[in-house]
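Novice: mind looking at a prediction? Sequence and model below.
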Amino acid sequence: MKAIHVLSTRPTTNFYVSRADGSPYRQEDFEVLTTVLSALEWRRHNGVIRLYTDAAGRDFYDRLKLLDLWDGGVDTELLESASRAINCGVFWSFGKIVALRQEEAPCCVMDIDLVVWAGIQQLVTAEVMSLHEESLGFAAYVGRDRLVAPPGFDWSGLDWSVTPCSAALLLFADNTFKNAYADRALSFMEGNPVRSEPGGALPTHPIFAEQRLLPMCAKACGVRIGSFLRDFTGVELWSGRKNTTFTHLWNAKTLLHNNPEKRRDLCARYARRVRQDYPDVAEALARSWLLREHFRAADELPHV
């Protein structure tokens with residue numbers, strides 16, 4: 001099963017951290033370790049993985065000697081040539097849709113903060129799969145009257161009662177629906193005049209494009225979306241079995257960013273996992289200024 005990671009460095013702000021315009025791209029230590037395990041565990045259990053990024057993203061990973069993580073290769077041309085008419089200050093995840101449109105199905109698009117610890121082929125129950133469903137009651141899911149769209153965007157056929165779904169992991173079995181959804185999402189983002197979310201509100205526009213428009217398009221096309229997990233808590237697989245397959249940092253990144261103790265604990269545990277299962281990768285990472293202290297801490301953890 002083929003997957004893609006996507007990293008665009010054009011956005012300077014995400015939901016938990018910002019950097020100044022023109023400043024060098026960087027990631028935090030827990031982000032790098034999660035990305036490493038995300039790529040390696042996918043290869044171990046599921047198949048090939050490719051990275052779509054830009055020149056700055058490639059340079060960042062190259063400095064850490066990590067480009068070989070992606071056995072499907074590293075593509076920088078696509079995102080470097082992506083439309084500048086998309087405001088990445090609002091649509092900070094635009095690169096995922098651009099890359100999804102380019103990649104041939106069957107394929108998965110997976111966030112770099114998601115680790116899949118086991119094979120998932122046996123969990124696939126539909127031609128499109130998402131990590132989990134979400135509640136329409138979440139504040140980020142707003143009505144059409146609160147969304148700004150570019151002139152001529154096609155609102156027809158969209159059912160606003162359908163259940164949103166998480167885009168942290170998406171699987172598409174064929175190109176027809178994948179491309180139809182991606183084209184419609186790109187048409188919502190490209191030329192969209194919204195400059196920022198009003199009053200510092202939740203990121204309603206990128207979440208609409210990724211997590212609400214997808215199931216709306218699926219219903220309009222008669223396509224069923226399945227879920228890997230029972231719900232957003234991540235406790236159970238859809239089958240009802242305990243979830244030991246998926247770890248998604250998502251909102252925990254805010255906690256890790258602000259809590260040094262939690263951050264050190266996670267990084268040490270992830271460093272130990274890399275050391276145990278991927279010693280060649282660990283050797284390179286342990287020499288980096290960003291991660292060396294976590295590999296030293298990992299060596300001191302009690303054996304379990």
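Specialist: Arrived safely, thanks for sending. Numbering: from 1, shown residues only.
Novice: residue contacts, His205?
Specialist: Applying CB atoms under 8 Å, 6 or more residues apart in numbering to His205 gives the contacts 90-91, 147-148, 192, 194, 197. For every residue, glycine as well, the C-beta is placed using N, CA and C.
Novice: between those, which is nearest Arg50?
Specialist: Phe91 (21.8 Å; CB to CB).
Novice: burial of that closest one, as a residue count?
Specialist: 26 (other CB atoms under 10 Å).
Novice: that one: what's it in contact with?
Specialist: 189, 192, 205-206, 209.
Novice: now do Asn243
Specialist: So Asn243 contacts 229, 234-237 (CB under 8 Å, 6+ apart).
Novice: separation between the residue most central in space within the chain and Val128?
Specialist: By CA atoms, centre = their mean, the chain has its centre lying nearest to Asp111, at 2.0 Å. Going from Asp111 to Val128 by CB to CB, to the nearest Å gives 17 Å.
Novice: coming back round to it: among the contacts of Phe91, which lie within helices?
Specialist: 189, 205-206 (DSSP state H).
Novice: pretty sure Glu210 sits against Trp92.
Specialist: No. The criterion here is CB atoms under 8 Å, and Glu210 misses it with Trp92 at 10.4 Å.
Novice: the more surrounded of these two?
Specialist: Just comparing Glu210 and Trp92: by other CB under 10 Å the higher neighbour count belongs to Glu210, 24 against 18.
Novice: before we move on, the earlier item: quick one: which of the contacts of Asn243 is most hemmed in?
Specialist: Most surrounded of those: other CB under 10 Å gives Leu229, at 24 neighbours.
Novice: identify the bridge partners of it.
Specialist: Here Leu229 sits in beta bridges with Leu237, going by DSSP bridges.
Novice: for Thr125, see how far away it is.
Specialist: 12 Å.
Novice: overlap in contacts, the two.
Specialist: What both Leu229 and Thr125 touch, as defined by CB under 8 Å, 6+ apart, is the set Trp238.
Novice: out of everything not next to it in sequence, what's closest to Leu290?
Specialist: Nearest residue to Leu290 in three dimensions, chain neighbours excluded: Asp29, at 5.5 Å (CB to CB, 6 or more residues apart in numbering).
Novice: what about the helices in the chain?
Specialist: 29-45, 55-63, 77-80, 94-102, 175-189, 204-207, 213-221, 252-258, 260-277, 279-285, 292-299.
Novice: including mean pLDDT and distance to Arg241, could those go into TSV?
Specialist: TSV is the format used below for these (pLDDT from 0 to 100; distance: least, CB to CB, whole Å):
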stretch	mean pLDDT	distance to Arg241
helix 29-45	97	17
helix 55-63	95	35
helix 77-80	96	37
helix 94-102	96	28
helix 175-189	97	28
helix 204-207	93	29
helix 213-221	97	24
helix 252-258	84	23
helix 260-277	94	22
helix 279-285	93	30
helix 292-299	92	30
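Novice: a markdown table for these, including distance to Tyr141?
Specialist: Below are the helices of the chain laid out as a markdown table (distance: least, CB to CB, whole Å):
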| stretch | distance to Tyr141 |
| --- | --- |
| helix 29-45 | 26 |
| helix 55-63 | 30 |
| helix 77-80 | 28 |
| helix 94-102 | 18 |
| helix 175-189 | 15 |
| helix 204-207 | 7 |
| helix 213-221 | 11 |
| helix 252-258 | 20 |
| helix 260-277 | 29 |
| helix 279-285 | 38 |
| helix 292-299 | 37 |
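Novice: thank you, goodbye.
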